[in-house]
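Peer 1: A structural model of the following input is requested.
(2 chains)
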Amino acid sequence: MNTNLALLLLLAPFLGFLFNVFFGKSIGKTTSGVIGTLAVFTSFLASAYFFAVIVANPEGIQISLFDWIQISNFKVDFGFLLDQLSILWLLFVTGIGALIHMYSISYMHDDENMHKYFAYLNLFIFFMITLVIGSNLLVLFIGWEGVGLCSYLLIGFWHKNQEFNDAAKKAFIMNRIGDLGLLIGIFIIGSLFSTLDYATLKTAIAGATDLNMYWISAAAFALFIGACGKSAQIPLYTWLPDAMAGPTPVSALIHAATMVTAGIFMITRLNFVFDLAPDVQNIIAIVGAVTSLVAATIALVQTDIKKVLAYSTVSQLGLMFLALGLGAYEVAVFHVITHAFFKACLFLGSGSVIHALHGEQDMRKMGGLKKVMTITFVTFLISSLAISGIPPFSGFFSKDEILMVAFEHNKILWFISSLASLMTAFYMFRLLYLTFFKEFRGTAEQKSHLHESPALITFPLIVLAILATLGGLISLPTNSWLNEYLAPLFTKVATEEHHFGTTEYALMLVAVIGGLVGIGIAYAKYIKQNQVPAEDAAITGFTKVLYDKYYVDEIYDFLFVKSINGLSKFFRDYVETTLTSLVFGLGQVTNEIGFQGKKIQNGSIGRYLFAFVLGMCAIVIYLFLAQ
Amino acid sequence: MNVSILLIILFVGAFATYLAGDKLASKVALFFSLSSLGCAIVLLNQFNAGENISVIHQWINQPNISFALLADGLSIAMLLLTLALTPIIIFSSFENEYKNAKAFYALILFMAFAMVGTFLASDGLLYYIFWELSLIPIYFIALIWGNGDAEERKKAVIKFFIYTLAGSLFMLIAFVYLYQQAGSFLLEDLYKLNLSSTEQLWIFLAFFLAYAIKIPLIPFHTWQASVYQKAPAVGTMLLSGIMLKMGLYSVIRWQLPIAPLAAKEYMYIFISLGIAGVIYGSIVALRQKDLKKLLAYSSLAHVGLIAAGTYTLTIDGLRGAVLQMIAHGFVVVGLFFISEIIFRRYETRTMAEMGGIRSQSPKFASMFLLLVLASVALPTTFNFVGEFTVLYSLSQINLWFAFLGGTTIILGAYYMLKMYQQVMLGETNTKVFMDVTFKEGFALVLILAVLFFFGMYPKPITDLITPSLENIITQINRIN
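Peer 2: Now for the predicted structure:
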């Protein structure tokens, strides 16, 4: 029963993919979209069933299907592990996934390749489920690379545009840098413990007496590199903003709510490994905090609505990594969930706006949309409040917990993340004001077409806005359902329930004030003073550095892309030709010897006799000397 | 029934194809190649049932040479690779018109015959004969039916012929020496020899020259790209799909077990050489203008990794290497077929003249992409199973080897996706590109089916090859 349901959960989106690949074109756009949506919804129902099962009985369900890869000292099977963590992830992946599929039916309706879009989207869900329910690191790796592939396909969905294709390629390759890290981590774990299976690994570590801390740290670090790639952390984050080239629902689903959380999933999954490597944990915390700040500063000045959201995602993921690094896995998970709600809502909202403006993404050409797009506006406002950490919206609770954990461990980390949060409030409301308030700044033609999006688009927005509002309830500061639910996963006792004292309340207050200050500055600039960001050419000074994202892309391009291409040219034009002429040279030498030898054999008896006598003499002399 | 039937079918098939005349040649060749595949599957069943399908006959008394064919899991796997790819390769050329087709297809079967012989022979001299025999058909195929300027082609092909032949002569010398020691060319007798480490080193190096040129390993690879480029598609597929595996197979079967001391002593050097090939090949591939040349360098990178796996002398290394050989055989044949399909429509292999194909031919684009993904070893493809196992074995020797070898997953993705982008994506090409025909699609689907099926379920092949590889490992470790 469980096995069949788990298979249904996994394979429903895959069947949807196959169906859309083979019949999608002939069944018409809407049908193809509906089938795609239903496939994911089926998985959602199955996930809900497993959720009920796990709540009733916290024992995880382990399913082994068949032997996959054989290594000398262990076997890797293709199996599933359905426990608290995977089921939680399944719920929001398939839930939000279904909503975004539904949204896409309307959003992508004008695209000639809509069936292909749904095929890819279903394939993505399939791989994401594989990633989450795998019972060992190698099945996770299938999903890990698979979602990377789907991300590649969807970023480059409009493949006639080579810029989009470049972005897709960049995403794939950068992810693969991380993947190599993940693989190395897998190798180390495999050779240390002779297993890649989570459950076995956990027991092995718990029961081990002499752990090789050096190699465990190395493994943790390598795994973390993998997480950096997928979850867009410094130094492997630059692909994510470029990934916005894909259709907006894709950005919402893959590049905000689900795939980019895979790194956090993996680290949480292996919390018992990371707990043993405090140095690596420190690195994770620092990388997370720095990423959150750097990305937030870039988001301050971007003018493309999706770019702001993209950097915001990088920044929020940074906060989650901060929590992971501090060992507060359940807090990171909490923020993953609330973030999935409000960021999906924000992206879908921006999609609704872009849809209304026929593809315009520049906020300088927006404005005043709240009058015509009320539902989009209200849901967007709710989500903005949530991400800015204003109570009682969900983001307040999850972000506050991260800040609190940071404060307990290290004041600098707390300061950095608080600053990032303040900036978040600012840039989100900058975005909101520029988009929805004041007068419309686009063309008259666009203005005449402004409209609220159809119900297929607004319905998911409403659902997500409700979740973004109420999501905080799953983990209230004093009474956390989530912490209890996740408790079986962690070896260390989860951060004890905060006994709420004055410090905690003060911190909370500071955080809220920070959010309000950010909003206030945005209000002053964009409402009171009625500012609009300058045109590209007019941007100068440090703003330009931020606008150009600290030139990191250019630096990477120079350091890696240019140098490797130069090397390639050098190898091609010099080394290869030299090697080739060496081989030919060998042939020529042989030829030359033959040619010279030929001269000796010229038929002149006199010379032969001369050589003969010379030879005879040599032999006689040799014999004589030898005696 | 024993394995000699395969040789008979292929040999007779070559003659029959020639006699059938130009019109029927391709179909007759397909028939015989499929029959040999059918027989191989029957033999596989017999082997799995525990029957003896090996052959040994006294052939020449003085010197002592026998007609000995050894069928263990390893050689059966290589047979299946050869005999599964041969019909696909023949079938893939059905839409081409060849002058003197009867000779062309006869040579293909003859080549399959020689390669099967190489994989089966367990007598050193017999093996050597098959090894060299396989060179003759590919020489003619590349020379007569190749493309590009005739003079250039002749230069490249003759270089290839002399180069590989010269390398192999050293192997012959090694065999002569071994014969003097053992009084026989039989593999089992050679395995029993107790050679000093100096002797082993010389033998190892002599074998190495032959294999390094054939595989090819850097810096012995210079014949590869130009021959791949100039040979007809069928020739390139035979070369890259099967023939270069002869070298890798021979490392496992002959070089390592006969000279294990040298292999152990200089393991690091040879692993490094393989890995250097991975990086070098990948980097050179980045800036190729010709699609076939790019694939040639990608092949150089992949076989470098396989060779590194074999030189780890571990069961994982050997197993991964064999799995990867099979996977690479299929994927590379598929990719060269892709380049041929494009050539049929655009008459070019220069990537700059392509682009904008995907929007015109969705089926072709999907199959091409799947092959690209298999080539970059995406999990669920057979290539991943091989590559993962090889990299794991390298990590057991030294983690840095796994890291450096592992750069293939980054660099491979880079040059393959760059290539795919340049060839397939972008604004719709002004030249019409017809989607794959049924025959083309059928051949590609077969290849993809193999790659994805064994990617998820490699167990049958793993189970087939593991016992024989374990024997070889035992043989390698007999003296310590």
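
Peer 1: average pLDDT for the helix or strand where A:Lys599 lies?
Peer 2: In this assignment (DSSP states H and E), A:Lys599 forms part of helix A:576-600. Helix A:576-600 shows a mean pLDDT of 83.

Peer 1: show me what the next helix-or-strand element following it is in contact with.
Peer 2: Counting by DSSP H and E, the next helix or strand C-terminal to helix A:576-600 is helix A:605-626. For helix A:605-626, contacts defined as CB atoms under 8 Å, 6 or more residues apart in numbering or on different chains pick out A:Ile600. Just so you know, the C-beta spots here come from the backbone N, C-alpha and C atoms, and that holds for glycine as well.

Peer 1: show the contacting residues for B:Ile215.
Peer 2: So B:Ile215 contacts B:244, B:247-248, B:251, B:303, B:307 (CB under 8 Å, 6+ apart).

Peer 1: among those residues, name the ones in strands.
Peer 2: Using DSSP state E, the subset of these located in strands is empty.

Peer 1: those residues, buried ones only, as a ChimeraX selection?
Peer 2: Selecting only the buried entries of the contacts of B:Ile215 in ChimeraX, with 16 or more other CB atoms under 10 Å in any protein chain shown as the criterion:
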select /B:244,247,248,251,303,307
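
Peer 1: export the contacts of B:Ile215 as TSV, with columns for distance to chain A and pLDDT.
Peer 2: Compiled in TSV, those are given as follows (distance: CB to the nearest CB, whole Å; pLDDT from 0 to 100):
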residue	distance to chain A	pLDDT
B:Leu244	18	91
B:Gly247	17	93
B:Leu248	20	95
B:Val251	19	94
B:Val303	17	94
B:Ala307	18	95
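
Peer 1: tell me the one of the contacts of B:Ile215 nearest B:Phe336?
Peer 2: Comparing the contacts of B:Ile215 against B:Phe336 with CB to CB places B:Leu244 closest, at 12.6 Å.

Peer 1: could you find the closest non-adjacent residue to that closest one?
Peer 2: For B:Leu244, ignoring the flanking residues on the chain, the nearest one in space by CB to CB, 6 or more residues apart in numbering or on different chains is B:Ile215 at 5.6 Å.

Peer 1: for stretch A:320-333, give the mean pLDDT please.
Peer 2: Mean predicted confidence for stretch A:320-333 is 92.

Peer 1: just the ones of the contacts of B:Ile215 in helices?
Peer 2: B:244, B:247-248, B:303, B:307 (DSSP state H).

Peer 1: which stretches of chain A have low pLDDT?
Peer 2: A:492-499 (pLDDT under 70).

Peer 1: and the one helix or strand B:Gly277 maps to with chain A, contact?
Peer 2: B:Gly277 is part of helix B:267-286 when elements are defined by DSSP H and E. Yes. With CB under 8 Å from any CB of the partner chain as the criterion, chain A is reached by helix B:267-286 at B:280, B:283-286.

Peer 1: check stretch B:417-426 too.
Peer 2: Yes. Applying CB under 8 Å from any CB, one finds stretch B:417-426 in contact with chain A at B:417-418, B:421, B:424-426.

Peer 1: tell me which of those residues has the lowest pLDDT.
Peer 2: B:Gly426 (87).

Peer 1: rewinding a little: got the residues of stretch B:417-426 next to chain A as CSV, with distance to A:Ala328, secondary structure and neighbour count columns?
Peer 2: What follows is the residues of stretch B:417-426 next to chain A, written out as CSV (distance: CB to CB, whole Å; DSSP: H, G, I helix; E, B strand; the rest coil; neighbours: other CB atoms under 10 Å in any protein chain shown):
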residue, distance to A:Ala328, secondary structure, neighbour count
B:Leu417, 38, helix, 24
B:Lys418, 41, helix, 19
B:Gln421, 42, helix, 20
B:Met424, 46, helix, 26
B:Leu425, 44, coil, 26
B:Gly426, 47, coil, 19
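
Peer 1: host element of B:Thr428?
Peer 2: Applying DSSP H and E, one finds B:Thr428 in no helix or strand.

Peer 1: just want the residue of the stretch 251-400 of chain A that's nearest chain B.
Peer 2: A:Ala262 (14.1 Å; CB to the nearest CB).

Peer 1: how about the stretch 151-300 of chain A?
Peer 2: Closest point on the stretch 151-300 of chain A to chain B, by CB to the nearest CB, is A:Phe187, at 3.9 Å.

Peer 1: got a list of what the nearest residue to that residue once chain neighbours are set aside touches?
Peer 2: Leaving aside its sequence neighbours, A:Phe187 sits nearest to B:Ser395 (CB to CB, 6+ apart; 3.9 Å). Taking CB under 8 Å, 6+ apart, we find B:Ser395 in contact with A:184, A:187-188, A:191, B:401-402.

Peer 1: recalculate using a threshold of 7 Å.
Peer 2: A:187, A:191, B:402 (CB atoms under 7 Å, 6 or more residues apart in numbering or on different chains).

Peer 1: from A:Phe74, how far out is the last one?
Peer 2: B:Ala402 sits at a distance of 17 Å from A:Phe74 (criterion: CB to CB, to the nearest Å).

Peer 1: got it, and A:Leu509?
Peer 2: 53 Å.
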